[in-house]
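Chemist: Below: sequence and its predicted model.
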Amino acid sequence: MTATATPTPATSSTTPDTSAAPATATTPDTSAAPGSGTAGDARPGTPRALARHRGRLIGAGVVLGLVLGSVLLGGGSWPAALGVDLSGPLERVGDWIVDNRDGHPLFLYFLGHVSNAVVVSVRAVYLLLLALGWAGVTAAAGLVAWRLAGARLALTSVAAFAVCAVLGMWVPTMQTLALMVVAVAASVLVGGLLGLAAGLSDRMHRVLRPVLDTMQVLPAFAYLLPVVLVFGIGVPAAVLATVVYAAPPMARLTALGLRGADAGVVEAATSLGATGRQRLLTARLPLARKELLLGLNQTIMMALGMAVIASVIGAGGLGDRVYQALASVDVGAALAAGVPIVLLAIVLDRVTAAAGERLGAAPAARSRLGWTLALAVTAAVAIAGRLADRLSWPDGWTVDTAEPVNRAVDWMTAHLYSGVPVVGGTADWAARFTAWVLNPLRDGLQWLPWWAVLLTVGALALLIGTWRTAATAVLAMAAIGVLGVWGPALDTLSQVLAAVAVTLLLGFALGVAAARSTRLGRALRPVLDVFQTMPQFVYLIPVVALFGVGRAPAVAAAVVYALPAVVRITAQGVRAVDPAALESSRSLGATGRQQLLQVQLPLARPALLLAVNQGVVLVLAVVVIGGLVGGGALGYDAVFGLAQGDLATGLVAGAAIVCLGLMLDRVTQPTQRRDPAGKGA
Amino acid sequence: MNAPHTPTTPAQSVFSVRDLWKVFGPKADLVPADPELAALGAAELRERTGCTAAVRDVSFDVKKGEVFVVMGLSGSGKSTLVRCLTRLIEPTSGTISIDGEDVLSMDGGRLRELRRHRASMVFQHFGLLPHRTVLDNIAYGLEIQGVGRGERRERAAEFAAKVGLDGMEQRRPGQLSGGQQQRVGLARALAVDPEVLLFDEPFSALDPLIRRDMQEEVVRLHREEGRTMVFITHDLSEALKLGDRIALMRDGRIVQLGTPEEIVGAPADDYVRDFVRDVPREQVLTVRSAMRPALGDEHESGPALGPGATVHEAIEAVARTGENARVVEDGRCLGVVDQAGLLGVVAGVPVATRKAVA
């Protein structure tokens, strides 16, 4: 998802002739000296030597740092002298905003209008959905799915909406849907425009790319607090947080599509005398359709994920039901609201994905007729529903699932939680995991002198990435200390590390197995598909049912959430290994084990590094949300800040989450350091 | 070293190119202006300035109605050169004129006019729009010009038939073979009825058999319409087959410009000689290169050949009759070709050592 580092040729012509004469006259980047590849062949100077001894140099640096640190700085947590207490100023900012929300021109003439517009549009969509009635909405969903994706998905959609109604969740579903519609429309607009700018202007691209890249690795939770600070708790804040979170993929993919447009086609259009606008409308945008639809798909999925999480700041709807239910550990109620979220996610994902695959298959004339038909049927069904006075789902048709589920959970609590012979119970597992893994890890991290943590972070980042990623990582980590949340941040970090370790262990094993056995690969695929579409929030429900509340369930939810991505990337990486290399090793008589260890895994190294990076980012996102189910640490601070209106605490925790996310991403960010620098020459 | 281009009056030439340079890299415009830099080799130039000169000091004219071939290996600058003609790549210095009008001073609108109506291009990798049907691809140039849907579809259908794509109008480029895709590219270029057709290695990506079909298609189109063509290729046999005149490029310069016969028969330097060494000379050179004056009554007997006949044809005639062949133009005997002369041509014995009339 995040690391689509596709090199996009900026020049318009890439024929063999001109590619022999590109402007690769970039001045030698002294910063990237340890590994400037082919250039090193010409001058066997220091950079090459440095590159060869990189690992040893870093090791020496760490040892030196350890000695110096222990002599000069001593041990202990982040020194208070180096911290800055932000709670005072932040509180003043919060107070100022609250005081001026009704009077200051910024609010009167800009933010107020934004907020009103959001409220009005969400309300309008919501009323429209209610006016269509359940029959109308279900019919519309089915027909849209039929037009875009075929009969099977149409049936799935109808069934999904029917289940939402049967579970008694029709109104919350519509609330979530209304919020989603507005948020997705705004995200697509904002993201599309940003993407257009980045796709057409190199300068915009240079400015936007790092920003979008960073936004994409930050946990959804971090976006909530700044929005609340400005807009207060409520629907506008929820929608805007969703837009901020969901627009980046649209922008990224729009830019990617526009930049990746076949240079030959664009040149052909130019050679026929097309103006810039004609080129954009007839060639570049149509050529980018795949990416645009993929961007829409990702935006919708992220918007759904965020719309659910934003229940914490007043989004209402399904997320709110889950949130309330989790707060009182009412698994049955949480599940009744969680199932519609999952169904909504699956339907939205499959329909938009299928629309992308079907692109251009249907002739235009027939499809217009089909759409007219769909519209007419929807209207007819809606009117029929209204005439029959069946706008809202009849109460008698709903099924109360909360009670049986809760009974089942009670039974589980009684029989599976603990005391199961030999294997022990789930609660025992959780307790043991907490006592034997999480606690030592947390205490160990917190015992480490602060400078040793920084040193470790820097050394790790340097080993995997470049000096630049290392510097960012160290600075981000130091910022956490300065913010004064060193302790909770290390607590969160310990949960992340434990979850990542488990995720990678399981993920690599499953991924390699899936890559080597076609049957397992095929069996896993639909499971991974479903798991990857579900919003983070939903994973908390089964975990609470199984393990109760605490840090271990948060870790478990994070593992389950991150596992599919890791398995998938690993499997793809191992499978994509050059068949010729594999064949040659087989022709030399290598055993399956030798092939795996000597050919497949080394060649899949970039994919494995990417899997680690993705795993870390995804795990952090859920560990933070785990604050809702007793995960404590930064996530809890953020939730507490929101719930108590103590924005200073919340914002500091949010900023620390951002820093932690940045640090973890940069430490694990594989760069193209090993690639030859002057490939085009 | 200046290319030996044939001087022509501007009225006859469609494109007239003088002292054209294209340099890629920082401060590229300094290179052509500085005689010292301009004389440097590619490697030295890159070391000194970080620049690469793709086209160096090139001058030539494309005459109306001819097929002008620019031929060279990859990296010789030929594709850059053809893109400079319509400023798809902006030249660094020099002049280009089309029908006497300066191309480099054209503003955006005028330049688009040039690209829309006067010169259209066929690309090596086709450059078709994958989401449109064959018909709409052919009509694309007309659409850009603002021609209405009905009219442009009609014209496009006509050109689809002309290049042999009947019945495939509703397919998409992805459903066509490479040769068929290039026919679409050709039809798209033809549909705007340009004064000049520019071909950038149009058949390099095609299989040999299909390539031959397409070459014959181009020969046929040229015979039927007499349209001016600039044809870029790295394939010598293609150049010899299609070209009225050939400009041979190396490292951005034109090393020789002449008819196929001049290139093969009188290579300008060792590079060209090396290049044309494996050419079946008897199929390119005409009997003029093997001819000697008639002695005695030789001009009265033997098979008669036109002066444009190839050596290959002469060998066949001589071998069949056992006599020396006469070269006859308008009933007048220009000379005779005998076995020794023909063998000399095939063996590549330099003209100077034979008593032949060039």
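Modeler: Yep, it's here.
Chemist: C-alpha only now, for contacts and for neighbours.
Modeler: Fine.
Chemist: give the contact list for the residue nearest to A:Q324 when sequence neighbours are not counted.
Modeler: Excluding the flanking residues, the one nearest A:Q324 by CA to CA, 6 or more residues apart in numbering or on different chains is A:A334, at 7.9 Å. Counting by CA atoms under 8 Å, 6 or more residues apart in numbering or on different chains, A:A334 makes contact with A:321-326, A:541.
Chemist: From the residues you listed, which land in helices?
Modeler: When DSSP state H defines the helices, the subset of the contacts of A:A334 inside them is A:321-326, A:541.
Chemist: Now rank these by neighbours and give me the top one.
Modeler: When neighbours are counted by other CA atoms under 10 Å in any protein chain shown, A:V322 leads the ones in helices among the contacts of A:A334 with 28 neighbours.
Chemist: Do you know the pLDDT at B:R152?
Modeler: pLDDT recorded at B:R152 is 90.
Chemist: In contact with it, which residues?
Modeler: Neighbour list for B:R152: B:139, B:142-143 [criterion: CA under 8 Å, 6+ apart].
Chemist: in which helix or strand would I find it?
Modeler: helix B:149-162 (DSSP states H and E).
Chemist: Output that helix as PDB, nothing but the C-alphas.
Modeler: Coordinates of each C-alpha in helix B:149-162 appear next as PDB, following Å, rounded to 0.1, in the frame of the first residue of the first chain:
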ATOM      1  CA  ARG B 149     -17.600  13.000 -34.700                       C
ATOM      2  CA  GLY B 150     -19.500  11.900 -37.800                       C
ATOM      3  CA  GLU B 151     -17.000  13.300 -40.300                       C
ATOM      4  CA  ARG B 152     -14.000  12.000 -38.500                       C
ATOM      5  CA  ARG B 153     -15.400   8.500 -38.100                       C
ATOM      6  CA  GLU B 154     -16.100   8.500 -41.800                       C
ATOM      7  CA  ARG B 155     -12.600   9.600 -42.700                       C
ATOM      8  CA  ALA B 156     -11.100   7.200 -40.300                       C
ATOM      9  CA  ALA B 157     -13.100   4.200 -41.800                       C
ATOM     10  CA  GLU B 158     -11.700   5.200 -45.200                       C
ATOM     11  CA  PHE B 159      -8.200   5.100 -43.900                       C
ATOM     12  CA  ALA B 160      -8.700   1.900 -42.000                       C
ATOM     13  CA  ALA B 161      -9.700   0.300 -45.300                       C
ATOM     14  CA  LYS B 162      -6.700   1.900 -47.000                       C
END
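Chemist: Can you give me the buried ones in it?
Modeler: For helix B:149-162, the neighbour count (16 or more other CA atoms under 10 Å in any protein chain shown) marks B:152-153, B:155-160 as buried.
Chemist: just how off-centre is that helix within its chain?
Modeler: Centroid separation between helix B:149-162 and its chain, computed with CA atoms, centre = their mean, to the nearest Å, is 28 Å.
Chemist: Secondary structure element for B:L248, which one?
Modeler: Per DSSP H and E, B:L248 falls inside strand B:245-250.
Chemist: Which strands or helices does that strand pack on?
Modeler: Contacts defined by 3 or more CA pairs under 8 Å, 6 or more residues apart in numbering or on different chains; DSSP states H and E place strand B:245-250 against strand B:67-71, strand B:253-258, helix B:260-265.
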